[in-house]
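# Give me coordinates for this.
(2 chains)
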Amino acid sequence: MDKNIYREQIIDLYERPLNYGTLDPADFSHEEDNPLCGDVIRIDVCLDGENRVTAVAWSGNGCAISQASASLLTEAIKDMPLDELKTFPKERLLDLIGVPLSMARLKCALLSLKVLHTGANSIPDTHERNA
Amino acid sequence: MLDIEKIRADFPILQEEVYPGVPLIFLDSAASSQKPTAVIEAMNHYYRTAHANVHRGIYRLSEEATNAYEGAREKVARFINARDTAEIIYVRNATEAFNLVAYSWGEANIHPGDEILLTEMEHHANLVPWHLLVERKGATIKYVPFDENGMLDLSTLGELLTERTKIFSFTAVSNVFGTINPVRQLVDAAHAVGAVAMVDAAQAVPHMAVDVQDWDCDFLAFSSHKMCGPTGIGILYGKRAQLEAMPPFMGGGDMIQRVTLAGSTWNELPWKFEAGTPSIAEGIGLGTAVDYLTAIGMDAIHAHEQFITHYALEALSEVPGLKVWGPPIASQKAGVAAFTLEKVHPHDIAELLDKDGIAIRAGHHCAMPLHQKLGLNASARASFYLHTTTAEIDNLIISLNRVRKLFRL
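So this is what the prediction gives:
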């Protein structure tokens, strides 16, 4: 059994996810699922006056790849400006995951990014923060 | 007893390696079975030496193609003991068979207030066509529930089957639990209230002797690709009287008797339901698959699968944290074991098993409502066929224990 795809960090993050939870209020919250495999990811983000990320949390459930991906993505976007959230490249997330993925598993790996993109794009660049 | 080594030699793909040095252990026959050389060669031979359109050409080649294609229909009729070949309709797969009945029979026979009875363990193929039908017709669907062992709760039938029930459509064998349902008893219950009975035999025909006259069902559906035949062809069996009373499903060439600009009249059975140039090579391949299975013997195949299922259930029960869903006793089920392993997502299980060359299914297996009732997003499923060995089951167990270790269970 080649354990490459499940390197230790992926299992660590599955057992002890980073930034797990919810934020209320948040400047944007978005949730999506992948009904084919049952993966669910929700991401909550708070922004400051200059539309930079001040807090981020995610919640959900699913396979080790989708869950580890959400931890890695939310770690990576801390302090990031809103416009960069909107264009966060999938290659960068795949680099963070750092294991070779089959076509079938790409959907799992990229669900968190899809949630982030949709959530971030619901906020205009000229958004005035809530809190 | 089957000569398993001889049977395995019939399947070229079983000699393949998934990764260098890692042989294929194929435990996903319930999704689609592998093909023996005889089937592959029959289709190859047809394309190389005998291809022409059927039912059309006034020349030797077309006659040969027609004979081979219609000969396969006769083989299928004998295989499931239909009264005559007019009752054997070629379709693309079992899914199309359900759609055909839901559209053709359903349009003519379902009215507002009518009820359709299904079960909670159905494949989407036996759910969605009826959902579409009742939306069009203002009818309703009821469901026979299953219990904690994945068995239908037959005590509910008396309440669920009423004079409003127009059709009871159910699976002979669950594609998740493997449950073998009491088909004749369910058909009789439907007929007792004047309802029509349709059987999903996609997981039955490949694995056990099926006799449509013994079951007395009005319709029955199955796919070629799960029974060692090619994809792209399946069978709708229907009692002649039902099929004759039904309007055509799709229109086009072959299904007509005469066409004028003002309208058309229909061909006789079974061609009334077969519009357009059919899947000729696939029909011939299916006929060869029937020959192949018949020569080995459906009772012998079923006995082997029972033996393997019993062996697998025992072995799986010794994996800590693993739960097999469905009947706990092999004699109550076909060669299917759907399972979960504590917190490990089925996709992770399948991905890791793949690295050891083991192909299983992970997901909802086109039975979302069943999984919703169990409170699961997904399950992992190993399924067995005539070529499955106890050594393959042993390898499955070794791999599952590696998954447990990797996930620190």
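# gap between A:D44 and A:R52?
16 Å (C-beta to C-beta, to the nearest Å). Where you see a C-beta, it was placed from the backbone N, CA and C, and this is true even at glycine.
# Could you pick out the residues of chain A near chain B for me?
A:1-3, A:5-6, A:11, A:14-15, A:35-39, A:61-65, A:102, A:104-105, A:108 (C-beta under 8 Å from any C-beta of the partner chain).
# End to end on stretch B:318-331, go ahead and measure it.
Stretch B:318-331 has an end-to-end distance of 19 Å (C-alpha to C-alpha, to the nearest Å).
# any idea of the mean pLDDT for the helix or strand where B:E96 lies?
Using DSSP states H and E, B:E96 sits in helix B:94-100. What helix B:94-100 shows for mean pLDDT is 98.
# In terms of secondary structure, what does that helix contact?
Using 3 or more C-beta pairs under 8 Å, 6 or more residues apart in numbering or on different chains; DSSP states H and E, the elements in contact with helix B:94-100 are strand B:88-91, helix B:128-137, strand B:196-200, strand B:219-223, strand B:234-238.
# Same list (those) but as a markdown table, adding mean pLDDT, distance to chain A and mean neighbour count.
Listed next are these as a markdown table, based on pLDDT from 0 to 100; distance: least, C-beta to the nearest C-beta, whole Å; neighbours: other C-beta atoms under 10 Å in any protein chain shown:
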| stretch | mean pLDDT | distance to chain A | mean neighbour count |
| --- | --- | --- | --- |
| strand B:88-91 | 98 | 25 | 24 |
| helix B:128-137 | 98 | 14 | 17 |
| strand B:196-200 | 98 | 22 | 26 |
| strand B:219-223 | 98 | 21 | 28 |
| strand B:234-238 | 98 | 23 | 28 |
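# Looking at the ones you listed, which is nearest to B:S383?
strand B:219-223 (14.3 Å; C-beta to C-beta).
# between that closest one and strand B:196-200, how many degrees?
10 degrees (axes from the mean of the first three to the mean of the last three C-alpha atoms, to 10 degrees).
# Can you classify the residue in the stretch 301-409 of chain B that chain A sits nearest to by secondary structure?
The stretch 301-409 of chain B approaches chain A most closely through B:N377 (2.4 Å), counting by C-beta to the nearest C-beta. Secondary structure of B:N377, reduced to three states by DSSP: H, G, I helix; E, B strand; the rest coil: coil.
# Check the one 5 residues further on too.
In terms of secondary structure, B:A382 is strand; the call rests on three-state DSSP.
# if we can go back for a sec, just the buried ones from the residues of chain A next to chain B?
For the residues of chain A next to chain B, a burial check counting by 16 or more other C-beta atoms under 10 Å in any protein chain shown picks out A:1, A:5-6, A:11, A:14, A:37-39, A:62-65, A:105, A:108.
# hmm, back to that, what pLDDT is listed against the residue of the stretch 301-409 of chain B closest to chain A?
88.
# what's the answer for A:P124, then?
We have a pLDDT of 85 for A:P124.
# just A:L106 next, same as before
For A:L106, pLDDT reads 92.
# Which helix or which strand is home to it?
helix A:103-121.
# ok, residues contacting that helix?
The contact list for helix A:103-121 (C-beta atoms under 8 Å, 6 or more residues apart in numbering or on different chains) reads A:5, A:28-34, A:36-37, A:39, A:41-43, A:45, A:58, A:62-63, A:65-66, A:69-70, A:73-74, A:77, A:82, A:85-86, A:88, A:90, A:93-94, A:97, A:101, B:347, B:351.
# which parts of stretch B:49-66 are buried?
For stretch B:49-66, by 16+ other C-beta under 10 Å, it's B:50, B:54-55, B:62, B:64-66.
# scratch that, stretch B:179-191 is what I was asking about
B:179-181, B:183, B:186-187, B:189-191.
# Residues in contact with stretch B:387-402: which ones?
Against stretch B:387-402 from outside (C-beta under 8 Å, 6+ apart): A:1, B:4, B:7-8, B:10-11, B:14, B:25-27, B:29, B:34, B:304-305, B:308, B:311-312, B:315-316, B:318-319, B:322, B:335, B:341, B:349, B:352-353, B:356, B:358, B:360, B:382.
# what number of residues lie near A:E75?
Neighbour count for A:E75, taken as other C-beta atoms under 10 Å in any protein chain shown: 13.
# need the residues of chain B near chain A, please.
Contact residues (C-beta under 8 Å from any C-beta) of chain B with chain A: B:19, B:344-348, B:351-352, B:355-356, B:362-364, B:368, B:376-378, B:399, B:402, B:406-408.
# And the buried ones among these, selectable in ChimeraX?
A single ChimeraX command is used to select the members of the residues of chain B next to chain A judged buried by 16+ other C-beta under 10 Å:
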select /B:344,345,346,347,348,351,352,355,356,362,363,364,368,376,377,378,399,402,406,407
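# Low-confidence ranges, the stretch 101-250 of chain B, go.
Counting by pLDDT under 70, not a single residue of the stretch 101-250 of chain B qualifies.
# Identify the residues contacting the residue in it positioned nearest to chain A.
Proximity of the stretch 101-250 of chain B to chain A (C-beta to the nearest C-beta) peaks at B:H124, 12.0 Å away. B:H124 sits next to B:366-368 when contact means C-beta under 8 Å, 6+ apart.
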